[in-house]
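Undergrad: Can you look at this prediction? I've put the sequence above it.
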Amino acid sequence: MISSSRTQVAIIGAGPSGLLLGALLHKAGIEHTIIERQSPAYVLGRIRAGILEQVTVDLLHEAGVGHGVDSGGTVHHSIELVFKNTRHPIDVTGLTNGKVVTAYGQTEVTRDLMQHRSQLGLPTVYEAADVQLHDFDGKHPSVTYTKDGVRHSLQCDFIAGCDGFHGVARASVPRDAITEYEKVYPFAWLGVLADVPPVSSHAIVYANSDRGFALCSMRSMTRSRYYVQCPSNDKLEDWSDQRFWDEIRRRLDPEMAERMQTGPSIEKSMAPLRSFVAEPMRFGRLFLAGDAAHIVPPTGAKGLNLAAGDVKYLSSALIEHYKENSDAGIDHYSQRALARIWRAERFSWWLTTLMHQFPESGAFGQRMQEAELDYLVKSKALSTSLAENYVGLPLDFG
Ligand code: RFL
Ligand code: PHB
């Protein structure tokens with residue numbers, strides 16, 4: 001027995017991409033269903049991004065869920081670069097004619113979008129097993145999945161693959177129809193979340209040191225998010241809280257190390273660093289968006305913001321299709337999104353390369369990084385390039 005239903009757009013994945021797409025389609029009166037493999041608690045338990053570009057904040061407002069970021073987000077006008085044990089502020093707002101970024105966690109963005117969906121009664125199938133995509137190269141695609149032991153078939157006009165790097169959507173595309181570009185970095189990030197006031201609440205701190213990279217971020221005035229670069233094969237058990245706090249302090253400038261408050265971790269995780277792009281992002285009636293199509297190393301804080309950009313392009317394209325009877329947006333989706341993605345890939349790769357210890361580069365590599373950082377903080381041209389990419393290039397950059 002198979003239970004059958006129909007919608008206009010089937011969205012695979014209830015991460016930030018899928019939820020934001022759902023909210024924007026609903027606002028435009030387009031029917032959709034989200035199908036998610038995990039439970040709501042599992043999705044909310046993943047601690048990831050922390051920095052939103054203005055474009056992303058604007059999209060949350062457009063989707064009707066801007067209240068959370070307005071009340072809980074912290075606006076940042078600068079970032080701080082640490083190298084050779086000295087801290088250097090970069091006046092991001094001054095260098096970009098007034099632009100800012102906002103510290104607000106992906107967990108909070110996801111929670112706001114989930115609450116919005118449940119208030120509106122929009123359909124989300126959580127804990128859907130064995131999700132499969134069918135016939136997206138023809139006019140009548142569908143998605144099948146098993147929920148509570150019952151097999152379901154959802155007929156639709158379009159499928160949006162918002163199911164992250166390990167999802168089923170990209171994997172369903174024939175190998176000869178897709179080209180993948182990838183770089184895996186020879187290290188990982190160890191992240192710690194702790195209920196202590198952030199050492200820097202007005203700016204994210206990015207530190208280059210001969211012991212490796214470190215980053216100080218925040219989730220609120222009482223919750224900090226910190227990272228250190230570590231070998232890819234390290235295990236979480238290798239890192240006691242004490243070892244983490246000792247190590248991050250060694251990578252910062254002495255004043256900040258002294259001021260940093262420490263406490264028990266409430267979450268600790270390791271993330272491998274990767275650059276990845278799949279081309280194209282449209283296959284007939286299937287579209288990929290967010291981490292399903294691309295990954296950036298987190299150094300530039302671009303992953304979630306890129307996902308939001310894809311969703312803006314895709315929702316506009318689908319709205320044009322249904323409301324204006326035009327497929328121009330659908331036809332240009334992949335090209336538009338990829339132009340933005342490659343720019344962010346370049347920025348994230350550059351900042352990662354500048355800030356991390358590469359095992360093969362040695363002392364010469366360290367000196368080259370320090371020389372470039374020294375040039376960066378003194379050169380208005382280079383600081384402006386960093387700042388304009390950090391706040392995010394406009395959606396219509398070209
Ligand atoms: P997600 O968040 O991975 O969500 C995909 C969803 O799809 C579900 N799924 C399936 N559902 C049905 N069937 C299947 N077969 C499925 N397979 C998977 C999954 O369960 C999941 O719920 O992708 P999405 O929505 O595209 O969002 C992308 C962002 O999560 C990601 O780009 C960011 O977290 C990256 N990132 C950062 N981005 C920023 O913009 N600013 C930051 O400051 C930032 N910091 C970070 C980051 C990522 C990090 N890690 C852990 C990789 C910091 C870190 C440490
Ligand atoms: C975070 O808060 O998790 C964060 C902030 C900035 C980054 C990466 C991650 O570049």
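TA: It's in. Ligands and ions are numbered 1, 2, ... in the order given.

Undergrad: My understanding was that residue 184 contacts residue 272; is that so?
TA: Yes - Residue 184 lies in contact with residue 272 (Cβ atoms under 8 Å); the separation is 7.1 Å. Every residue, glycine included, has its C-beta placed from N, CA and C.

Undergrad: how about residue 136, secondary structure?
TA: Per DSSP: H, G, I helix; E, B strand; the rest coil, the secondary structure class of residue 136 is coil.

Undergrad: so what's the backbone phi/psi at the residue found closest to it once you drop the neighbours it is linked to in the chain?
TA: In this structure, residue 136 finds its nearest non-sequential neighbour in residue 286, 3.8 Å apart by Cβ to Cβ, 6 or more residues apart in numbering. Main-chain dihedrals, residue 286, degrees, to the nearest 10: phi -110, psi 130.

Undergrad: Quick check: the gap between residue 286 and residue 156.
TA: According to Cβ to Cβ, to the nearest Å, residue 286 and residue 156 sit 10 Å apart.

Undergrad: Now list whatever residues contact both of these two.
TA: residue 141 (Cβ atoms under 8 Å, 6 or more residues apart in numbering).

Undergrad: For the protein, which segments count as helices?
TA: With helices called from DSSP state H, the chain shows them at 16-27, 40-45, 54-62, 67-72, 92-95, 106-120, 241-251, 254-259, 303-324, 328-355, 362-378, 380-391.

Undergrad: so which of those is the most packed in?
TA: By mean neighbour count, with neighbours taken as mean count of other Cβ atoms under 10 Å, helix 16-27 ranks first of these at a mean of 25.

Undergrad: quick check, it touching ligand 2?
TA: No - using Cβ under 6 Å from any ligand atom, helix 16-27 never reaches ligand 2; the gap is at least 13.5 Å.

Undergrad: State the mean pLDDT of that helix.
TA: For helix 16-27, the mean per-residue pLDDT is 98.

Undergrad: again with stretch 341-356
TA: Averaged across stretch 341-356, pLDDT comes to 98.

Undergrad: try stretch 300-311
TA: 97.

Undergrad: before we move on, what about stretch 111-126?
TA: 98.

Undergrad: Tell me how far residue 86 lies from ligand 2.
TA: 20 Å (Cβ to the nearest ligand atom, to the nearest Å).

Undergrad: wait, residue 263
TA: According to Cβ to the nearest ligand atom, residue 263 stands 17 Å off from ligand 2.

Undergrad: Show me what from the stretch 251-398 of the chain comes close to ligand 1.
TA: 271, 290, 291, 298, 301, 302, 303, 304, 305, 307.

Undergrad: Turn those residues into JSON lines, including distance to residue 322.
TA: As requested, those are arranged in JSON lines below (distance: Cβ to Cβ, whole Å):
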{"residue": "271", "distance to residue 322": "38"}
{"residue": "290", "distance to residue 322": "22"}
{"residue": "291", "distance to residue 322": "26"}
{"residue": "298", "distance to residue 322": "35"}
{"residue": "301", "distance to residue 322": "33"}
{"residue": "302", "distance to residue 322": "30"}
{"residue": "303", "distance to residue 322": "29"}
{"residue": "304", "distance to residue 322": "27"}
{"residue": "305", "distance to residue 322": "26"}
{"residue": "307", "distance to residue 322": "22"}
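
Undergrad: Closest to ligand 2 out of those residues?
TA: residue 301 (3.5 Å; Cβ to the nearest ligand atom).

Undergrad: That closest one contacts residue 101, correct?
TA: Yes - at 7.5 Å, residue 301 and residue 101 qualify as touching, with contact defined as Cβ under 8 Å.

Undergrad: List the residues that are in contact with both of the two.
TA: Taking Cβ under 8 Å, 6+ apart as the criterion, residue 301 and residue 101 both touch 51, 390.

Undergrad: OK, contacts around residue 38?
TA: Counting by Cβ under 8 Å, 6+ apart, residue 38 touches 14, 126, 127.

Undergrad: and if you look at residue 33?
TA: Counting by Cβ under 8 Å, 6+ apart, residue 33 touches 5, 7, 10, 11, 123, 124, 125, 154.

Undergrad: filter those to the buried ones?
TA: With neighbours counted by 16 or more other Cβ atoms under 10 Å, the contacts of residue 33 contain buried members at 7, 10, 11, 124, 125, 154.

Undergrad: So which of the residues you listed belong to strands?
TA: Using DSSP state E, the subset of the buried ones among the contacts of residue 33 located in strands is 10, 11, 124, 125, 154.
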